[in-house]
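K.L.:
Sequence first, then the predicted structure, then my questions.
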Amino acid sequence: MDQPKCIFCSIVQGELPSKSIYSDDQCIAFNDINPVANVHVLVIPREHVTYLTETTKQHEKLLGHLMRVAAKVSEQMGTSEDGYRVSVNQGVNAGQIVDHLHLHVLGGEQLNSL
Ligand code: AMP
Ligand code: ZN
């Protein structure tokens with residue numbers, strides 16, 4: 001039986017709508033549909049990478065790029081100066097629900113301390 005299609009791959013392919021914030025040849029960034037902060041943007045690779053734990057040395061450049069895009073997005077959203085958080089939920093205990101690697105960029109207000 002066919003695997004259900006990954007929703008983030010559908011967004012990359014333009015089959016599902018999203019509020020685009022940033023796009024380049026390696027990744028895209030869009031508003032989270034269910035924001036938990038005034039600014040809540042997801043940065044995702046165009047390539048379907050499932051988990052941070054499954055990345056290899058080959059992904060090092062991409063991972064670095066995603067982090068730099070998170071910083072760029074934060075600048076673009078006006079949260080750079082006041083501060084922001086970049087996080088990855090990995091697996092069940094962290095509450096990962098979408099199995100396509102993504103960075104959450106959170107800001108625009110005082111965030112709870114970890
Ligand atoms: P997690 O897997 O827990 O790190 O989080 C997945 C995130 O994706 C959640 O914050 C969801 O609100 C968000 N999300 C799920 N579907 C969509 C969608 N179609 N467009 C934008 N954000 C989404
Ligand atoms: Zn995917």
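P.N.:
Ah, there it is. Model, not experiment: these values are computed from the prediction. Ligands and ions are numbered 1, 2, ... in the order given.

K.L.:
only C-alpha atoms for contact and neighbour calcs from this point on.
P.N.:
OK.

K.L.:
Name the residues of the longest helix belonging to the chain that come out as buried.
P.N.:
Ranked by residue count under DSSP state H, the longest helix found in the chain is helix 60-76. Residues 62, 63, 66, 67, 69, 70, 71, 73, 74 are the ones in helix 60-76 that count as buried (16 or more other CA atoms under 10 Å).

K.L.:
Stretch 42-56 too?
P.N.:
Here stretch 42-56 shows 42, 43, 44, 45, 46, 49, 51, 52 as buried, counting by 16+ other CA under 10 Å.

K.L.:
Also stretch 20-27?
P.N.:
22, 23, 27.

K.L.:
can you put those residues in JSON lines and add distance to ligand 1, secondary structure and pLDDT?
P.N.:
JSON lines is the format used below for the buried residues of stretch 20-27 (distance: CA to the nearest ligand atom, whole Å; DSSP: H, G, I helix; E, B strand; the rest coil; pLDDT from 0 to 100):
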{"residue": "22", "distance to ligand 1": "14", "secondary structure": "strand", "pLDDT": "98"}
{"residue": "23", "distance to ligand 1": "15", "secondary structure": "strand", "pLDDT": "98"}
{"residue": "27", "distance to ligand 1": "15", "secondary structure": "strand", "pLDDT": "98"}
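
K.L.:
any chance of the residues you listed in a markdown table, plus distance to residue 58?
P.N.:
Formatted as a markdown table, the buried residues of stretch 20-27 follow (distance: CA to CA, whole Å):
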| residue | distance to residue 58 |
| --- | --- |
| 22 | 23 |
| 23 | 21 |
| 27 | 16 |
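
K.L.:
Does residue 100 touch residue 51 like I think?
P.N.:
Yes. At 6.7 Å, residue 100 counts as touching residue 51 under the criterion of CA atoms under 8 Å.

K.L.:
I'd like the mean pLDDT over the lengthiest strand in the chain, please.
P.N.:
Longest strand in the chain, counting residues (DSSP state E): strand 39-45. The average pLDDT within strand 39-45 is 98.

K.L.:
and what of stretch 4-21?
P.N.:
The model assigns stretch 4-21 a mean pLDDT of 96.
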